[in-house]
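Trainee: generate a structure from the sequence data that follows.
(one chain, ligands or ions: 2)
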Amino acid sequence: MAVLGIESTAHTASVGIVDDGARVLGLASSMHRPTHGGIHPREAANHHVDVLPGLVAQALEQARLAPRELDAVAFAQGPGLGPCLRAGATVARMLSLAWRRPLVPVNHCVAHVEIARALSGLNDPILLYASGGNTQVIAYARGRYRVLGETLDVGIGNFLDKLWIGFGGKFPGGPELEKEALTGRELHPLPYSVHGMDVSFSGMLTATLALWAHGAPRADLAYSVEVTAYAMLTEITERALAHHRGAAVVLGGGVACNERLRGMVRAMVEGRGGTMFAPPRALCVDNGAMIAWTGLLAHGVGLSVPVGGSAVEPRQRTDRVATPWRARATGAPVPADRAP
Ligand code: AMP
Ligand code: MG
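Mentor: Numbering: from 1, shown residues only. Ligands and ions are numbered 1, 2, ... in the order given. Have a look, this model is predicted:
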């Protein structure tokens, strides 16, 4: 079996093709990089419309497959930026109609968990999902993936990007801050905002930009922000772990490419006798392969939608989405009130 998946929730347009062994047969991506400021949804969507047809062709070529050899077309239904989601969904609908293949909607956050589960072989991990727009701790319980904790304001990546732009840099800021932080020495105290299982970053953004305006060195600020923000994420992940059966954590999202974050979470998990897994970079960031893989799982249990019922859901919540393949895999019954 092979499924093609389309990702277009934010700045990245990506097409992946995977088989039923979770092997990535093809993966072609293009990231919209604004010339100044942050992401404008309409501009990103225009970028996706321009590049998606070429990415589909590239992914097919890499996979050495003809469309008739595909079993389904999956797309990211949400959460994400409306115009960007619609660009990907439109291409997916068109391919599904032209190739006469089932159209399978996929929740983007669930896709980050599923690809990490498949690659790691960990059956029931907690996901620390640290991306541009999302920051969540997710675990499976009673038929659904549940958000145990999350940001109360901006996503960690958006926070890092805003900070870097405030320092005079360009989007995306996370990787630049990571380099800058390597030479930081002085740890400035910054607002550490953990509220139970939730976190917030806007106070830290204001405080750091104020220190910058007063002449604090950029490297020290980058270092202080990384240490403080990643400690917050590590803390809520640890609290989730303490309440969850098993002791495995997987990472997902662009910020999960960060070596300091990986190291901090790994030290915490291994200190508790558990296992931490971070997918390779190409599958940690937004990518079509994770959508294809989750689409393949969903297709395997007969989930698909007619084109007329395939509207995107920019605010789709992880815990509103049925994951019947998961219930079967673990033998956990789906409670009647939560069945799709
Ligand atoms: P995503 O939304 O998952 O595609 O991830 C994009 C976000 O990840 C952007 O906000 C980037 O600044 C951030 N990012 C990418 N690489 C790194 C890194 N090495 N360290 C911190 N943030 C990163
Ligand atoms: Mg993502």
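Trainee: alpha carbons only for contacts and neighbour counts from here, please
Mentor: Noted.
Trainee: if we ignore the residues flanking it in sequence, what's nearest the closest residue to ligand 2 within the stretch 51-200 of the chain?
Mentor: Ligand 2 sits closest to Ser131 of the stretch 51-200 of the chain, with a gap of 5.5 Å, by C-alpha to the ion. Counting by C-alpha to C-alpha, 6 or more residues apart in numbering, Ser131 lies nearest to Gly253, which is 4.1 Å off, once chain neighbours are set aside.
Trainee: Val106 now?
Mentor: Ala76 (4.9 Å).
Trainee: next up, the contacts around the one you found.
Mentor: Residues near Ala76 by C-alpha atoms under 8 Å, 6 or more residues apart in numbering: 5-9, 85, 88-89, 105-108, 291.
Trainee: quick check, it in a strand?
Mentor: Yes - counting by DSSP: H, G, I helix; E, B strand; the rest coil, one finds Ala76 located in a strand.
Trainee: relative to Asn287, how far out is it?
Mentor: Here the criterion is C-alpha to C-alpha, to the nearest Å. By it, Ala76 lies 10 Å from Asn287.
Trainee: which residues do these two both contact?
Mentor: Joint contacts of Ala76 and Asn287 (C-alpha under 8 Å, 6+ apart) are Ile6, Glu7.
Trainee: who in this protein is up against ligand 2?
Mentor: Gly253, Asp286 (C-alpha under 5 Å from the ion).
Trainee: now, the contacts of Ala76 that are in strands?
Mentor: Of the positions in these, Gly5, Ile6, Glu7, Pro105, Val106, Asn107 sit in strands, assigned by DSSP state E.
Trainee: OK, contacts around the residue most central in space within the chain?
Mentor: Centroid-nearest residue in the chain: Gly253, 4.0 Å away (criterion: C-alpha atoms, centre = their mean). Counting by C-alpha under 8 Å, 6+ apart, Gly253 touches His112, Tyr129, Ala130, Ser131, Gly132, Cys284, Val285, Asp286.
Trainee: pretty sure the second one is in a strand, no?
Mentor: Yes - Tyr129: assigned to a strand according to three-state DSSP.
Trainee: which residues touch it?
Mentor: Cys109, His112, Thr135, Gln136, Val137, Ile138, Leu251, Gly252, Gly253, Ala256.
Trainee: cool, and the first one?
Mentor: For His112, the contacting residues are Tyr129, Gly252, Gly253, Cys284, Met290, taking C-alpha under 8 Å, 6+ apart as the criterion.
Trainee: just give me the closest of these to ligand 1.
Mentor: Gly253 (3.6 Å; C-alpha to the nearest ligand atom).
Trainee: and the gap between the closest one and Phe277?
Mentor: For Gly253 relative to Phe277 (C-alpha to C-alpha), the value is 13 Å.
Trainee: please apply the same query to Thr237.
Mentor: Separation of Thr237 from Phe277 (C-alpha to C-alpha): 13 Å.
Trainee: so for the two, which sits in the more crowded spot?
Mentor: Between Thr237 and Phe277, counted using other C-alpha atoms under 10 Å, the more crowded position is Thr237 (24 against 21).
Trainee: mind checking how far the helix ranked longest in the chain is from the chain centre?
Mentor: Looking across the chain with DSSP state H, the single longest helix is helix 218-243. The chain centre lies 18 Å from the centre of helix 218-243; the measure is C-alpha atoms, centre = their mean, to the nearest Å.
Trainee: so after that helix, what's the next helix or strand?
Mentor: As assigned by DSSP states H and E, the chain's next helix or strand after helix 218-243 is strand 248-252.
Trainee: where do the strands sit along the stretch 201-340 of the chain?
Mentor: Along the stretch 201-340 of the chain, counting by DSSP state E, counting those that start in this stretch, strands occupy 248-252, 275-277.
Trainee: hang on, Glu114 packs against Ala292?
Mentor: No - with contact defined as C-alpha atoms under 8 Å, Glu114 does not reach Ala292; the gap is 10.4 Å.
Trainee: among the two, which residue is more densely surrounded?
Mentor: Legend: neighbour count by other C-alpha under 10 Å for Glu114 and Ala292, higher for Ala292 (34 against 22).
Trainee: separation between that one and ligand 1?
Mentor: 16 Å (C-alpha to the nearest ligand atom, to the nearest Å).
Trainee: with adjacent residues omitted, what lies nearest to that residue?
Mentor: Counting by C-alpha to C-alpha, 6+ apart, Ala292 lies nearest to Gly5, which is 3.8 Å off, once chain neighbours are set aside.
Trainee: identify the bridge partners of the one you found.
Mentor: Assessed by DSSP bridges, Gly5 has beta-bridge partners Gly16, Ala74.
Trainee: got the domain boundaries for the chain?
Mentor: In terms of domains, the chain is parsed into 2-112+286-330, 123-282 (source: automatic domain parsing).
Trainee: please name the bridge partners of the residue lying closest to His299 once chain neighbours are set aside.
Mentor: In space, and not counting its chain neighbours, His299 is closest to Val104: 6.8 Å by C-alpha to C-alpha, 6+ apart. Here Val104 sits in beta bridges with Ala74, as judged by DSSP bridges.
Trainee: residues contacting Val104?
Mentor: With C-alpha under 8 Å, 6+ apart, Val104 has these contacts: Ala72, Val73, Ala74, Phe75, Gly295, Ala298, His299, Leu303, Ser304, Val305.
Trainee: how about CSV for the residues you listed, with pLDDT added?
Mentor: Listed next are the contacts of Val104 as CSV, based on pLDDT from 0 to 100:
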residue, pLDDT
Ala72, 98
Val73, 98
Ala74, 98
Phe75, 98
Gly295, 98
Ala298, 97
His299, 98
Leu303, 97
Ser304, 97
Val305, 98
